[in-house]
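> Sequence and predicted model, in that order:
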Amino acid sequence: MSDYDRNTAAQYGLGRPITRAEAAVMDEGLRAYMLRIYNYMTLGLAITGFAALGTFMLAVGVDPATGKRALTGFGQLLYQSPIKWVVVFAPLALVFFLSFRIEKMSPTAAHATFWIYAALVGVSLSVIFLVFTATSITRVFFITAASFGALSLWGYTTQRDLSGFGSFLIMGLIGIIIASIVNIFLASSAMQFVISVIGVLVFAGLTAYDTQRLKSEYVYGAMEGHTQERAAIMGALSLYLNFINLFTMLLQLFGQREE
């Protein structure tokens, strides 16, 4: 058996020699599967962006008396009334719902839930347009996109096994979630800085780790049909969450605030 056959057999976990034709089919299927995940993630990000911008435009207007920006009635309801807590926690509740119910959902229902979740995240993120300048938001977004792309590409191509980092990254993620919820009430700038720094490291690691994990799940999982489609949606959700969280953490660190 050639070196090519041995390496490819090891890559796909096969205990027998693998032909070039079989390897080509596997590689083509893997690329199509990962491309589907990236397409779903990208569409989710687009929905989030449009929802955030649309919500901001409805929530903020210009005060005729001062010529400055001011909250509309809708904005006051969204940002200053108890409704704001619904806006904050509704996406979190929905992502847990999707995670626990995905196996019992049809692909259509899973798609719809993901798109609704992306829109809700956009509504909750609309507040960044009040806090940060549009220029810095755009700059940080492109920095995030470049970083995410490089990290995901490395996770996809590296021969190093990243599974050992998974438990540490998950522990870090849980710590960030708890600290962020606590800081909603404390409003500590020092704690937010620490959360953001650790968050950038955690979500950078998760981007590479999740990409490799999704690749391995396809290779070893023998998924097809509805099972594969649901797996693709959950894969898109995990990468989407990494991107959004990496973006918000970087924005906290490098975003220029409105004066």
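Yep, it's here. Numbering: from 1, shown residues only.
> can you give me the helices in the stretch 1-150 of the chain?
For the stretch 1-150 of the chain, the helices defined by DSSP state H, counting those that start in this stretch cover 3-11, 20-59, 73-80, 83-101, 107-125, 128-131, 134-157.
> can those go into TSV with extra columns for mean pLDDT, distance to L173 and mean neighbour count?
(C-beta placed from N, C-alpha, C; glycine too.) Formatted as TSV, the helices of the stretch 1-150 of the chain follow (pLDDT from 0 to 100; distance: least, C-beta to C-beta, whole Å; neighbours: other C-beta atoms under 10 Å):
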stretch	mean pLDDT	distance to L173	mean neighbour count
helix 3-11	42	29	14
helix 20-59	89	18	16
helix 73-80	89	27	15
helix 83-101	85	13	14
helix 107-125	93	17	19
helix 128-131	92	21	17
helix 134-157	95	16	16
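> Now the ones you listed in JSON lines, please, with extra columns for distance to G166.
Listed next are the helices of the stretch 1-150 of the chain as JSON lines, based on distance: least, C-beta to C-beta, whole Å:
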{"stretch": "helix 3-11", "distance to G166": "20"}
{"stretch": "helix 20-59", "distance to G166": "18"}
{"stretch": "helix 73-80", "distance to G166": "37"}
{"stretch": "helix 83-101", "distance to G166": "16"}
{"stretch": "helix 107-125", "distance to G166": "23"}
{"stretch": "helix 128-131", "distance to G166": "30"}
{"stretch": "helix 134-157", "distance to G166": "12"}
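> Which of the ones you listed sits closest to E258?
helix 128-131 (6.4 Å; C-beta to C-beta).
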